[in-house]
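Engineer: pasting the structure only:
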């Protein structure tokens with residue numbers, strides 16, 4: 001199974017490190033990353049494998065949202081199937 005993780009917020013040092021550390025803590029494998037900084041806005045999307053996630057997917061998703069709140073970022077995680085369904089034409 002795979003999930004899409006998105007991060008948006010004011011660019012600061014260490015965002016990628018914080019998010020990847022959270023993924024490692026939950027045994028989430030980062031497959032692909034695309035990130036950019038538009039002026040001072042950090043935007044990142046990650047494709048992650050969640051087959052071996054520690055605890056539960058909801059725990060990981062909640063922890064990601066809490067990390068976002070802590071650092072004033074918008075962090076969302078959703079199953080790839082849901083993401084694909086939302087973006088079908």
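Structural biologist: Structure received. Everything numeric in this text was worked out from a predicted model, so none of it was measured. Numbering: from 1, shown residues only.
Engineer: pLDDT weak spots in this structure?
Structural biologist: Judged by pLDDT under 70, the chain has its weakly predicted residues at 84, 87-89.
Engineer: where do the helices of it begin and end?
Structural biologist: Listed in chain order, the helices found in the chain under DSSP state H are 15-25, 57-70, 80-86.
Engineer: including mean neighbour count and distance to residue 45, could these go into CSV?
Structural biologist: C-beta here means a position set from N, CA and C on the backbone, and glycine is covered the same way. Rendered in CSV, the data for the helices of the chain read as follows (neighbours: other Cβ atoms under 10 Å; distance: least, Cβ to Cβ, whole Å):
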stretch, mean neighbour count, distance to residue 45
helix 15-25, 16, 11
helix 57-70, 16, 13
helix 80-86, 12, 10
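Engineer: got CSV for those, with distance to residue 43 too?
Structural biologist: Listed next are the helices of the chain as CSV, based on distance: least, Cβ to Cβ, whole Å:
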stretch, distance to residue 43
helix 15-25, 10
helix 57-70, 13
helix 80-86, 16
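Engineer: any idea which of those helices gets closest to residue 38?
Structural biologist: Judged by Cβ to Cβ, the one of those that comes nearest to residue 38 is helix 15-25, at 13.9 Å.
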